[in-house]
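Asks: pasted the sequence and its predicted model underneath.
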Amino acid sequence: MDPETVMEAARAAASRAYAPYSNFHVGAAILTGGGTIHSGSNVENASYGLSICAERNAATTMASADPEDREIELVAVFSPNASPCFPCGACRQVLREFSCREVVVEDGRGLQRYPFDQILPNSFGPEDL
């Protein structure tokens, strides 16, 4: 599937973010190995530590949707507030749990693609247990 299609789902998700405190809207869309797209947006909470990032929101949606389709081919991340918008460290670790292969972000030049091991080198995963 074209990364632009996945990024469009991330853009749409960003428009649905709940960010009354930071006003920093983020959307993420995951393309699974089975070809399904799952999206999520950030959801803030007055108790900041209980907020959830868009990438983790999309990953939990994916994980609960189909136990047979939990490998992430790519994740697209978008924010109208920052360009590019990369996953935070916690989100990178959650994406690693599901064998994410690629991260796609958008900047002034268009879509930029990064192999996952480039944004989380020497990562810790299930095989390390």
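Replies: Received, thanks.
Asks: look up how far Pro3 lies from Arg109.
Replies: 14 Å (C-beta to C-beta, to the nearest Å). Backbone N, C-alpha and C define where each C-beta goes, glycine included.
Asks: neighbour count: those two, which is higher?
Replies: Using other C-beta atoms under 10 Å, the more surrounded residue of Arg109 and Pro3 is Pro3, with 18 against 8.
Asks: just checking, that one touches Gly110?
Replies: No: using C-beta atoms under 8 Å, Pro3 is not in contact with Gly110, being 10.2 Å away.
Asks: beta partners of the closest residue in space to Ala14 that isn't next to it in sequence?
Replies: Excluding the flanking residues, the one nearest Ala14 by C-beta to C-beta, 6 or more residues apart in numbering is Gly27, at 3.1 Å. With DSSP bridges as the criterion, Gly27 is bridged to Ser41, Phe78.
Asks: and the gap between Gly27 and Tyr48?
Replies: As judged by C-beta to C-beta, Gly27 and Tyr48 stand 20 Å apart.
Asks: now stretch 82-97: how far from the chain's centre is it?
Replies: In terms of C-alpha atoms, centre = their mean, to the nearest Å, the centre of stretch 82-97 is set 6 Å apart from its chain centre.
Asks: ditto for stretch 28-46
Replies: Between the centre of stretch 28-46 and the centre of its chain there are 6 Å (C-alpha atoms, centre = their mean).
Asks: what residues sit buried inside it?
Replies: Buried positions in stretch 28-46, judged by neighbour count with 16 or more other C-beta atoms under 10 Å: 28-32, 37-44.
Asks: with distance to Ala17 and pLDDT added, can I get those residues in a markdown table?
Replies: Converted to a markdown table, these look like this (distance: C-beta to C-beta, whole Å; pLDDT from 0 to 100):
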| residue | distance to Ala17 | pLDDT |
| --- | --- | --- |
| Ala28 | 10 | 98 |
| Ala29 | 13 | 98 |
| Ile30 | 16 | 98 |
| Leu31 | 20 | 98 |
| Thr32 | 22 | 98 |
| Ile37 | 17 | 98 |
| His38 | 16 | 98 |
| Ser39 | 11 | 98 |
| Gly40 | 9 | 98 |
| Ser41 | 4 | 98 |
| Asn42 | 5 | 98 |
| Val43 | 7 | 98 |
| Glu44 | 8 | 98 |
